[in-house]
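kindly return the folded structure for what I paste below:
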Amino acid sequence: MISAGCGASECAGISFGGVMRSSLLIRSFTFYAAKAGAALIGELIFGTLGLVPAQRNAREVEASVTWNYTTWLSIIFLIPAGLLVWRFLKTGGPAICA
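Residues are numbered from 1 along each chain as shown. The predicted model follows:
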């Protein structure tokens, strides 16, 4: 059932948002295919030249949480970040972004 108030593309069952989503999906798939293709080509080149090691010498290191200088810097910079968020909310920032 077609209503009298719809635009040409909406009456046909296609919306502009749907076209944009399809375009983004095609672009993201193309980017993924390019990355996968480049990885395969790189693997073939390194394998052909014999540059892939036969024996792996990687060590497994157990990860743990440590309190170092980056932890303290993160905590210190949370204070000004919180103040900026508070100021943004108090001065009507969300209304400007809407």
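
quick check: residue 51 vs residue 40, distance?
16 Å (C-beta to C-beta, to the nearest Å). Glycine gets a C-beta too; all of them are placed from N, C-alpha and C.

need the next SSE after the lengthiest helix in the chain, C-terminal direction.
Using DSSP state H, we find that the single longest helix of the chain is helix 16-48. Note on helix 16-48: by DSSP states H and E, the next helix or strand toward the C-terminus is helix 69-90.

distance from that next one to the middle of the chain?
Centroid separation for helix 69-90 versus its chain: 24 Å, with C-alpha atoms, centre = their mean, to the nearest Å.

likewise for stretch 39-55?
From the chain centre to the centre of stretch 39-55 is a distance of 29 Å (C-alpha atoms, centre = their mean).

stretch 22-39 too?
That offset, for stretch 22-39, works out to 14 Å (C-alpha atoms, centre = their mean).

mind checking the backbone torsions on residue 66?
phi -130, psi 150 (degrees, to the nearest 10).

against residue 91, how distant is it?
38 Å.

which of these two has more residues huddled nearby?
The residue with more neighbours, out of residue 66 and residue 91, is residue 91; 10 against 7, by other C-beta atoms under 10 Å.

state the distance from the most centrally placed residue in the chain to residue 84.
With distances taken as C-alpha atoms, centre = their mean, residue 28 lies nearest the centre of the chain, 10.9 Å away. Residue 28 sits 32 Å away from residue 84, taking C-beta to C-beta as the criterion.

next: residue 64.
For residue 64 relative to residue 84 (C-beta to C-beta), the value is 32 Å.

which residues sit in contact with residue 57?
Applying C-beta atoms under 8 Å, 6 or more residues apart in numbering to residue 57 gives no contacts.

ok, now how distant is it from residue 51?
With C-beta to C-beta as the criterion, residue 57 and residue 51 are 15 Å apart.

go on, residue 97?
For residue 97, the distance to residue 51 - C-beta to C-beta - is 51 Å.

how much space between the residue nearest to the centre of the chain and residue 92?
Counting by C-beta to C-beta - residue 28 and residue 92 are separated by 35 Å.

same question for residue 98.
10 Å.

kindly report the same for residue 82.
18 Å.

what's the answer for residue 30, then?
On the measure of C-beta to C-beta, residue 30 and residue 92 end up 41 Å apart.

many thanks, have a good one.
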